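> build the 3D model from these lines:
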Amino acid sequence: MRLTRLHVAAPLASGSLIDLPPEAAVHLARVLRARGGDALVLFNGDGREFAAVVESVRGARVAVAVGEERPTDRESPLALTLLQCIPRGDRMDWIVQKATELGVQRIVPLVSRHVVVKLSARQAQSKAAHWRAVAVNACEQCGRTRLPAIDTPRPLDEFLGAAPAGGARLLLDPDSDDATSLDAAPAAIECAVGPEGGFAPEEIECLRIAGFRALRLGPRILRTETAALAALVSLQLRCGDLRRPS
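Model (predicted):
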């Protein structure tokens, strides 16, 4: 039986007794209906995880005894950044969840010309906080001990700058006739995925000037959420930790 994994936004140390933060305590007590003696796994995003036992549950207050640290290494060696133009509806939630499971280190929600979602500054902050919570839940499920960085949504032209050191910049473009292939495995990759209507021609030109090279994912035009996940799987297979052992 798999143990409940719980993210705790607080310092963790073996041998300590802690009261869980309110949100984690409510989830454990009222949703998971934990009882004294229940075993858990705790992590706070610093790369470690700890065995733990519920000491007591009093209403929405939960005390937990932190046990031994468990060595873990579930992060991809590929520093993968997803530059995702924001799709309509709740599909960004799904992209964030699956990208987290696939080991992405950073997600940058972008607003491009054909993005129909319009966000005020306050709404952008709220959306980023929501997506960070989605990423936390995904880490609890998939076993990651480090949380991916989730940027606040920004216009595409505000992101373009220097390429990552020792890395590659890729642009999903189903219409490209000169799609690139990765001859070597870079240490870092930034992968840009357009919205439902794709990137505008002038945006593609700006991306190319900024060092992005076209990448095709086969002969069919994929939905933005499908394209993002297909690209992440492909890159992790080619350069990350989904490769077969040698």
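> ok, now which ones touch the residue nearest to residue 88 when sequence neighbours are not counted?
Excluding its sequence neighbours, the residue lying closest to residue 88 (C-beta to C-beta, 6 or more residues apart in numbering) is residue 116, at 5.9 Å. For the C-beta atoms, the positions are set from N, CA and C on the backbone; glycine is no exception. Contacts for residue 116 (C-beta atoms under 8 Å, 6 or more residues apart in numbering) come out as 88, 195, 196.
> out of those residues, who has the most neighbours?
Each of these was scored for neighbours by other C-beta atoms under 10 Å, and residue 195 scores highest at 21 neighbours.
> could you double-check that it sits in contact with residue 112?
Yes - taking contacts as C-beta atoms under 8 Å, residue 195 lies within contact range of residue 112: 5.9 Å.
> which residues are in contact with both of the two?
Between them, residue 195 and residue 112 share the contacting residues residue 85, judged by C-beta under 8 Å, 6+ apart.
> on that earlier part again, in JSON lines: the contacts of residue 116, plus secondary structure and pLDDT.
Formatted as JSON lines, the entries for these read as follows, by DSSP: H, G, I helix; E, B strand; the rest coil; pLDDT from 0 to 100:
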{"residue": "88", "secondary structure": "coil", "pLDDT": "93"}
{"residue": "195", "secondary structure": "coil", "pLDDT": "94"}
{"residue": "196", "secondary structure": "coil", "pLDDT": "90"}
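> which of the helices or strands spans the closest residue to residue 102 other than its chain neighbours?
Nearest non-adjacent residue to residue 102, counting by C-beta to C-beta, 6+ apart: residue 232, 4.7 Å away. Assignment of secondary structure by DSSP states H and E places residue 232 within helix 224-239.
> gap between residue 112 and residue 192?
Separation of residue 112 from residue 192 (C-beta to C-beta, to the nearest Å) stands at 9 Å.
> could you report the separation of residue 93 from residue 226?
Residue 93 is 15 Å from residue 226, where distance means C-beta to C-beta.
> can you pull the buried residues of stretch 207-227?
Taking 16 or more other C-beta atoms under 10 Å as the basis for neighbour counts, the residues of stretch 207-227 that come out buried are 207, 210, 211, 212, 213, 214, 215, 217, 222, 224, 225, 227.
> got phi/psi on residue 71?
Backbone geometry at residue 71, expressed as degrees, to the nearest 10, gives phi -60, psi 130.
> start the count at 58 instead of 1 going forward.
Okay, residue one is now 58; in that scheme the one you just asked about reads as residue 128.
> for this structure, give me the ranges with low pLDDT.
58, 234-241, 301-303 (pLDDT under 70).
> any idea which helix or strand carries residue 125?
Element membership for residue 125, per DSSP H and E: strand 118-127.
> can you tell me what sits against that strand?
Surrounding strand 118-127, the residues in contact under the criterion C-beta under 8 Å, 6+ apart are 69-77, 81-82, 85-86, 91, 97-99, 105-113.
> among these, which lie within strands?
Of the contacts of strand 118-127, the ones assigned to strands by DSSP state E are 74-76, 97-99, 106-113.
> please name the residues that touch the residue lying closest to residue 298 once chain neighbours are set aside.
In space, and not counting its chain neighbours, residue 298 is closest to residue 133: 4.6 Å by C-beta to C-beta, 6+ apart. Residues counted as contacts of residue 133 (C-beta under 8 Å, 6+ apart) are 160, 162, 293, 297, 298.
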